[in-house]
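Enquirer: missing the sequence, but the structure's below:
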Ligand SMILES: Cc1ncc(COP(=O)(O)O)c(C=O)c1O
């Protein structure tokens, strides 16, 4: 049971609940990370198509994940692009993606010349809604891409069945879910081909990079070719010379040896980090579920989230708020931040609101130039994703994630949230500074 702190809010001149300096930051660079990187430098084998570190990481990650093959690339977006192309998706095809994701999921579809068809989310799990996705299947649909957002896997029973029913390729975006499980199976193992990121924000981090995974050998070959100018790249070594023979259009998506060594050094700690995140989430769940008007994340039976972040929903009506829910969200973030909590929004709009996805003709070769006109955006097309982003906030963020925090800090988080909610009347009326708006000049159409 939470005991609300009745002392003055920090925004009203009171003492913050959480003292500065208690958050652990990410990534938690260890001596083993330094040693692994120095060993690569000492070997002078820093550049390679498929050097020893890259090859070892491919084997180790495939084993960790529970798939036959892993191919390492230089970003999560590249890994997803590989997965989409390896699934046979091309120009004219459609791929169903959630409206609440990171833009990269949909950019990867565009890179393949296909069209992302956005779909709203399940209001309970915030992942792609299977019933709504089913309605979007057309004769052009070739693939469906559930995204395991915030560390929680999407409804893979429903999506596996749906892919089989309509003969669609299932592609998982598990950038935010290394090690998350669904009925005991890890993220990445359900898709025909799947992609993940190891950028600095992820629970498995190598700074920048991506991992493509599949059980299908032809898909592996297609991904490898796409990642190196359409070429086949068997391991370099004595007696092997590169043929420089492109079988199709390819990119340069190679993962450097330094990155592979860095990820390899961190992989043995991934499960520990995930367990810490889960234990911390339990503390937050227990405390926040006692505070009326708040809703901690819902984790359906059989799924284990790895809490890439922790999203708390609030009910504006419960608090008697009659203004825009997003304003109350910003007021809460302002008050919580003053108490020493790291609170934020991540994205503030569903992905299809971005101009990049409202162009009449995608024009990747002219980024930054004003488009002559944009397709209209209406938040009512994706009401659940829009509502979620207005009526929720994240506790902790990718620089101070749950998976490196001390449990005692999480108890203080609960106390700080309880204090702010206890004084909600003040929070709703006091002066506050809105969270920086994106885009900086509010677009009336948004
Ligand atoms: C859900 C999701 N998909 C894809 C990506 C793209 O990964 P990257 O930034 O490594 O290209 C990210 C991360 O940024 C992500 O969070």
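Expert: Sure, I can see it. Bear in mind the structure is a predicted one, so any value in this text is a computation, not a measurement.
Enquirer: hey, let's count contacts and neighbours off CA atoms from now on
Expert: Noted.
Enquirer: Please enumerate residues in contact with stretch 85-95?
Expert: 109, 112-117, 140-145, 169, 192-193, 218-220, 222-223 (Cα atoms under 8 Å, 6 or more residues apart in numbering).
Enquirer: Just the element for residue 409, please.
Expert: helix 407-422 (DSSP states H and E).
Enquirer: average pLDDT for whichever helix or strand comes after that helix?
Expert: For helix 407-422, the following helix or strand on the C-terminal side (DSSP H and E) is helix 424-429. Model confidence over helix 424-429 averages 98 on the pLDDT scale.
Enquirer: Could you list every helix and strand in contact with helix 424-429?
Expert: The contact analysis (3 or more Cα pairs under 8 Å, 6 or more residues apart in numbering; DSSP states H and E) places helix 424-429 against helix 325-338.
Enquirer: Measure how the helix it packs on sits relative to helix 407-422, angle-wise.
Expert: For helix 325-338 against helix 407-422, the angle by axes from the mean of the first three to the mean of the last three Cα atoms, to 10 degrees is 130 degrees.
Enquirer: on contacts alone, who are the packing partners of helix 325-338?
Expert: strand 343-344, helix 383-390, strand 392-395, helix 407-422, helix 424-429.
Enquirer: where does the stretch 151-300 of the chain dip in pLDDT?
Expert: 234-240 (pLDDT under 70).
Enquirer: who in it is up against the ligand?
Expert: 173, 175-176, 197-199, 208-210 (Cα under 6 Å from any ligand atom).
Enquirer: Give the PyMOL command for selecting the buried subset of those.
Expert: Only the buried entries of these go into this PyMOL selection, using 16 or more other Cα atoms under 10 Å:
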select buried, resi 173+175+176+197+198+199+208+209+210
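Enquirer: any chance of the residues of the stretch 151-300 of the chain next to the ligand in JSON lines, plus secondary structure?
Expert: Compiled in JSON lines, those are given as follows (DSSP: H, G, I helix; E, B strand; the rest coil):
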{"residue": "173", "secondary structure": "strand"}
{"residue": "175", "secondary structure": "coil"}
{"residue": "176", "secondary structure": "coil"}
{"residue": "197", "secondary structure": "strand"}
{"residue": "198", "secondary structure": "coil"}
{"residue": "199", "secondary structure": "coil"}
{"residue": "208", "secondary structure": "coil"}
{"residue": "209", "secondary structure": "coil"}
{"residue": "210", "secondary structure": "strand"}
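Enquirer: Serialize the residues of the stretch 151-300 of the chain next to the ligand to a markdown table and add fields for distance to residue 303.
Expert: Listed next are these as a markdown table, based on distance: Cα to Cα, whole Å:
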| residue | distance to residue 303 |
| --- | --- |
| 173 | 16 |
| 175 | 17 |
| 176 | 15 |
| 197 | 21 |
| 198 | 22 |
| 199 | 24 |
| 208 | 27 |
| 209 | 26 |
| 210 | 24 |
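Enquirer: Give me the neighbour count for residue 135.
Expert: Residues lying near residue 135 (other Cα atoms under 10 Å) number 9.
Enquirer: how close does it sit to residue 96?
Expert: 11 Å (Cα to Cα, to the nearest Å).
Enquirer: tell me which residues in stretch 372-392 are buried?
Expert: Buried-residue list, stretch 372-392, by 16+ other Cα under 10 Å: 377, 379, 382, 384-392.
Enquirer: End to end on it, go ahead and measure it.
Expert: 34 Å.
Enquirer: who's in contact with it?
Expert: For stretch 372-392, the surrounding residues in contact (Cα under 8 Å, 6+ apart) are 99-100, 119-123, 126, 311-316, 325-326, 329, 345, 347-350, 352-353, 355, 358-360, 445-446.
Enquirer: Need the distance between the two termini of stretch 95-108.
Expert: Taking Cα to Cα, the first and last residues of stretch 95-108 lie 10 Å apart.
Enquirer: same question, stretch 35-55
Expert: Note: stretch 35-55 ends 19 Å apart using Cα to Cα.
Enquirer: neighbouring contacts of it?
Expert: For stretch 35-55, the external contacting residues (Cα under 8 Å, 6+ apart) are 72, 233-236, 254-258, 260-262, 264-265.
Enquirer: Now do the strands in this structure.
Expert: 69-73, 94-98, 115-119, 141-144, 169-170, 181-182, 185-186, 193-197, 210-214, 294-295, 303-304, 310-314, 343-344, 392-395 (DSSP state E).
Enquirer: mind listing the helices for the stretch 101-250 of the chain?
Expert: With DSSP state H, counting those that start in this stretch as the criterion, the stretch 101-250 of the chain has helices at 103-111, 130-135, 156-166, 217-227.
Enquirer: Make a markdown table from these and add distance to residue 58 to it.
Expert: Compiled in a markdown table, those are given as follows (distance: least, Cα to Cα, whole Å):
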| stretch | distance to residue 58 |
| --- | --- |
| helix 103-111 | 21 |
| helix 130-135 | 32 |
| helix 156-166 | 25 |
| helix 217-227 | 12 |
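Enquirer: Show me which residues of the stretch 1-150 of the chain sit near the ligand.
Expert: Listed as neighbours of the ligand in the stretch 1-150 of the chain under the rule Cα under 6 Å from any ligand atom: 75-77, 101-102, 104-105.
Enquirer: redo that, cut-off 8 Å
Expert: Residues of the stretch 1-150 of the chain lying near the ligand by Cα under 8 Å from any ligand atom: 74-80, 101-105, 147-150.
Enquirer: Would you mind giving me the ChimeraX syntax to select the buried ones in the residues you listed?
Expert: In ChimeraX syntax, the buried subset of these is picked out as below (16+ other Cα under 10 Å):
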select :74,75,76,77,78,79,80,101,102,103,104,105,147,148,149,150
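Enquirer: which among the residues of the stretch 1-150 of the chain next to the ligand gets closest to residue 333?
Expert: Compare each of those with residue 333 using Cα to Cα and the shortest gap goes to residue 150, at 18.8 Å.
Enquirer: Identify the residue nearest the closest one in space, chain neighbours excluded?
Expert: Of all residues not flanking residue 150 in the chain, residue 308 sits nearest, at 4.7 Å (Cα to Cα, 6 or more residues apart in numbering).
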